[in-house]
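Engineer: model the following, please.
(one chain, ligands or ions: 1)
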Amino acid sequence: MSVELLGFNIDDYTFEEAVIKAKGLIDSPKVSQIITINPEMIQTAEKDNNFSNIIKEAEMVIPDGVGIELGLRITGKNVQRIPGIDFAKRMLYEASRNDIPTAIIGAKEEVITKAVENLQKEISGLNIVYFHNGYFQDDNAVFEELKAKAPKLILVALGSPKQEEFIYKAKTILKPALMIGIGGSLDVWSGNIKRAPKVFQNLGLEWLYRTVTQPSRFKRIFPALPLFLLKVLNYKDKI
Ligand code: UDP
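Structural biologist: Residues are numbered from 1 along each chain as shown. Take a look at the predicted model:
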């Protein structure tokens, strides 16, 4: 089932249901895209038709972050937030358990190298058949390498909307696989950026911790949230 927010359908799954659905997508005979959506992405999509279509065509759109949860609550819908970074980590565990060949793309060379090393230490049996930093010019060269290695789970961390556009393009090129955009997850897994303390995570306030401790994010994200919620209210009054 899904719920609607500002014209976008967002899947209404619990964390465990989302994992089961995603495992189904790994087995499906095509390339599938999971988008972990946040208010900034919806705002980008409102100005960018191509990105808007990518979101609409995604096989799964999960509500990442408290902004989406609040926006849905304003419109009377109670949906459980699924932090993309936790979801992606869980999918890596599922992949290791089922011996699913996995690829990871994105971030700076030293970041992805360290993240892969840490993940392989943490998740026994994780089969990473390919990884590449996120600063390449030629998408097709990476697609060629992916075709040769044929991973079934591919995590892509290029920031948004770049990662969603890359995954969308891959849909017509790669062999069947599940692809998930994972934003800044590699920076966390490499140990370069610390996650907020658990108490902030549990209250849904990880964004507040990150915006206050990273001033560049503060300027970008802090004004965006109230504006986003106002827009949701306005939209709600119109229907
Ligand atoms: N990134 C990348 N290639 C690019 C731009 C960004 O690999 O061309 C990586 C960046 O190093 C970081 C991740 O994408 O690891 C997320 O970037 P950012 O924090 O800007 O995106 P957000 O999480 O805010 O979507």
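Engineer: mind picking out the helix or strand in the chain with the poorest mean pLDDT?
Structural biologist: Using mean pLDDT, DSSP states H and E, the weakest-scoring helix or strand in the chain turns out to be helix 215-221, at a mean of 70.
Engineer: for the residue in the chain positioned nearest to the ligand, which three-state class applies?
Structural biologist: Going by CB to the nearest ligand atom, the ligand is nearest to Gly134 of the chain, at 1.9 Å. (Glycine included, C-beta is placed from N, CA and C.) At Gly134, secondary structure determined by DSSP: H, G, I helix; E, B strand; the rest coil is coil.
Engineer: going C-terminal from the least confident helix or strand of the chain, what's the next secondary structure element?
Structural biologist: Downstream of helix 215-221, the next assigned helix or strand under DSSP states H and E is helix 224-238.
Engineer: buried stuff in that next one?
Structural biologist: Buried residues in helix 224-238, defined by neighbour count with 16 or more other CB atoms under 10 Å: 224-225, 228-229, 231-232, 235.
Engineer: picking that back up, next, give phi and psi for the closest residue to the residue of the chain closest to the ligand other than its chain neighbours.
Structural biologist: In this structure, Gly134 finds its nearest non-sequential neighbour in Gly106, 3.6 Å apart by CB to CB, 6 or more residues apart in numbering. Dihedral angles of Gly106 (phi, psi; degrees, to the nearest 10) stand at phi 130, psi 170.
Engineer: is Gly106 in contact with Leu186, as I believe?
Structural biologist: Yes. The pair Gly106 / Leu186 is scored as a contact, 5.7 Å apart, by CB atoms under 8 Å.
Engineer: need the overlap of contacts for these two.
Structural biologist: Common neighbours of Gly106 and Leu186 are listed as 112, 157 (criterion: CB atoms under 8 Å, 6 or more residues apart in numbering).
Engineer: the protein: strands as residue ranges?
Structural biologist: With DSSP state E, the ranges of strands along the chain come out as 2-5, 8-11, 31-37, 60-63, 102-106, 128-132, 153-157, 177-181.
Engineer: so what does the fifth one touch, helix or strand wise?
Structural biologist: Strand 102-106 makes packing contacts with helix 109-122, strand 128-132, helix 139-149, strand 153-157 when contacts are defined by 3 or more CB pairs under 8 Å, 6 or more residues apart in numbering; DSSP states H and E.
Engineer: what does that strand contact?
Structural biologist: Outside strand 102-106, the residues that touch it by CB under 8 Å, 6+ apart are 92, 95, 112, 115-116, 119, 126-134, 142, 146, 149, 151-158, 163, 166, 182, 186.
Engineer: that one pairs with which strands, parallel or anti?
Structural biologist: Pairing partners of strand 102-106, with direction, according to DSSP bridges: strand 128-132 (parallel), strand 153-157 (parallel).
Engineer: kindly report the same for the longest one.
Structural biologist: According to DSSP bridges, the neighbouring strands of strand 31-37, each with its direction, are strand 60-63 (parallel), strand 177-181 (parallel).
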